[in-house]
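K.L.:
Sharing a model prediction with you, sequence too.
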Amino acid sequence: MTTAHCATETLRVGFVACARPTFDVAWADEVTRAARAALEGAGFALIGDARLAADLDALDAALQALSNEPLDALIAFQATFTDSSFAARLAERCAAPLLLWAAPEARTGGRLRLNSLCGINLAAHALRLRGVNYHWLYASPDDAQAIAQITAVAKAGRARRRLRATRLGVVGEHPPGFESCRLDTERLRRRLGVEVARFELAEVFARARAVNGQVGALREQLGAHIAGLDALLREPVDGTLAVYVALRQLAEEASCDALAVRCWPEFFTELGCAACGALALLNTDCLPCGCEADANGALTQLILQWIGGAPAFGADLVECNIQENSAVVWHCGQAPLTMADPRGGIRGGLHSNRRLPLVMEFALKPGRVTIARLSQSGGDLRLVVGGGEMLAAPPSFSGTSGVLRFDRPAGDVLATIMAEGLEHHIALAYGDHTAALHALARMLDMPTLSL
């Protein structure tokens, strides 16, 4: 029950090199092969060969070889200067995110052998006039930052491609007064390509009751990882575990990539248990689950999971200490178990308000984190992006919590959240994924807001 990483695909990158024969073609060919070797060495699945496309017919032939391939990004390698018709043709005939790559050359006092920077400048202008989003890179093939930037763009491209085939399950309605969890089905379909499948709470409850007597083995398995489980009342614990099984069955049968679940009050009042522990287990299994039927929150968790390759956590910002420059992120007990600080371990607990099990109680482990939110607070979708360091600290409150030091002063982050009227849920994942998130927002033609 402690999956460390979610299944990821090898990043698939198309590669087309453009050149003009009046420049130093021999050196251009050498630089092109070095760029391909760097990409292959970094683990990319490289689609397309190393031949230089010197005219539009050769470019069309190269594109034809890519036409049936699902690409996360397309690199237009500016081996030498070319006119902008090359970039325009690439944008017209390939739907993958386009990255223009030019290589520096030494100031020798002699011939300008490649002039590739001017080439991507000309291309960028033409694409901008056409309203085409693009990414660009000016770096030598042996520059580690070049590979990092290409990785970010490709991860973002893969996330965009997957979003267009995503099916989000929404169970029940968001609680009254929780406007930050409001679902706009048409907007998600139009802007992201996401399909929404609606389910009634009654269906989940019926499924949970049907499997309630079949969770003994699961309870024993969890007991090896979660302290205090045996001390809790068995009936509500089994109820939570049955909810986990029921939601997983529902997601599998309906081909849902993520779930947003109305977690209160009905799970307490009708099933007599907390949904939190079930959501924690599903998040650990890399099936992102947002509570309070927060569809945009669940989608943000899914995006972070795709980009980071590990589960994400939907949390509230519940405390901010401006003097100490830190804040507390928290939720009742539904974070993925992989985020637990091993020094404190995981305990099974009671919901802090309803006093029923099962919730997961632990402090978040220290490390670099990225926070994000698909926000509709501005009237349309925008992507909120931030980062920080999760500090080593004991639990701040019951449930799951972590002490976070943002990259910006805590007071400034809080002021931004309040001034912008952002949603009360943020998604959190370990690692620095800000570059990929900004690239994704650009691909989706979506504004960003930095925390």
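P.N.:
Arrived safely.

K.L.:
Going by residue numbers, what spans are helices in the stretch 1-150 of the chain?
P.N.:
25-41, 56-66, 85-93, 116-129, 144-163 (DSSP state H, counting those that start in this stretch).

K.L.:
Find out how far the second one is from the centre of the chain, if you would.
P.N.:
When you say that, I think you mean helix 56-66. 32 Å (C-alpha atoms, centre = their mean, to the nearest Å).

K.L.:
and that helix, which residues are buried?
P.N.:
Going by neighbour count (16 or more other C-beta atoms under 10 Å), the buried part of helix 56-66 is 56, 58-59, 62-63, 66. Yep, even glycine has a C-beta here, placed from its N, CA and C like the rest.

K.L.:
And for the first one?
P.N.:
For helix 25-41, burial by neighbour count (16+ other C-beta under 10 Å) applies to 25, 28-29, 31-32, 35-36, 38-39.

K.L.:
again, but for the shortest one
P.N.:
The neighbour-count criterion (16+ other C-beta under 10 Å) identifies 86-91 as the buried residues of helix 85-93.

K.L.:
Export those as CSV, with columns for distance to residue 374.
P.N.:
Output for the buried residues of helix 85-93, formatted as CSV (distance: C-beta to C-beta, whole Å):
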residue, distance to residue 374
86, 35
87, 30
88, 31
89, 33
90, 29
91, 26
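
K.L.:
closest one to residue 265 among the helices of the stretch 1-150 of the chain?
P.N.:
Of all the helices of the stretch 1-150 of the chain, helix 144-163 sits nearest to residue 265, with 32.0 Å by C-beta to C-beta.

K.L.:
With only the CA atoms kept, save the closest one in PDB.
P.N.:
C-alpha atoms of helix 144-163 as PDB (Å, rounded to 0.1, in the frame of the first residue of the first chain):
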ATOM      1  CA  ALA A 144      22.500  20.000 -18.900                       C
ATOM      2  CA  GLN A 145      20.000  22.900 -18.600                       C
ATOM      3  CA  ALA A 146      19.000  22.300 -22.200                       C
ATOM      4  CA  ILE A 147      18.000  18.700 -21.400                       C
ATOM      5  CA  ALA A 148      16.200  19.900 -18.300                       C
ATOM      6  CA  GLN A 149      14.200  22.400 -20.300                       C
ATOM      7  CA  ILE A 150      13.300  19.900 -23.000                       C
ATOM      8  CA  THR A 151      12.200  17.400 -20.300                       C
ATOM      9  CA  ALA A 152       9.900  20.000 -18.800                       C
ATOM     10  CA  VAL A 153       8.300  20.800 -22.200                       C
ATOM     11  CA  ALA A 154       7.900  17.100 -23.100                       C
ATOM     12  CA  LYS A 155       6.400  16.300 -19.700                       C
ATOM     13  CA  ALA A 156       4.000  19.200 -20.200                       C
ATOM     14  CA  GLY A 157       3.200  18.000 -23.700                       C
ATOM     15  CA  ARG A 158       2.500  14.500 -22.400                       C
ATOM     16  CA  ALA A 159       0.100  16.000 -19.800                       C
ATOM     17  CA  ARG A 160      -1.700  18.000 -22.400                       C
ATOM     18  CA  ARG A 161      -2.000  15.000 -24.600                       C
ATOM     19  CA  ARG A 162      -3.400  12.900 -21.700                       C
ATOM     20  CA  LEU A 163      -5.800  15.600 -20.600                       C
END
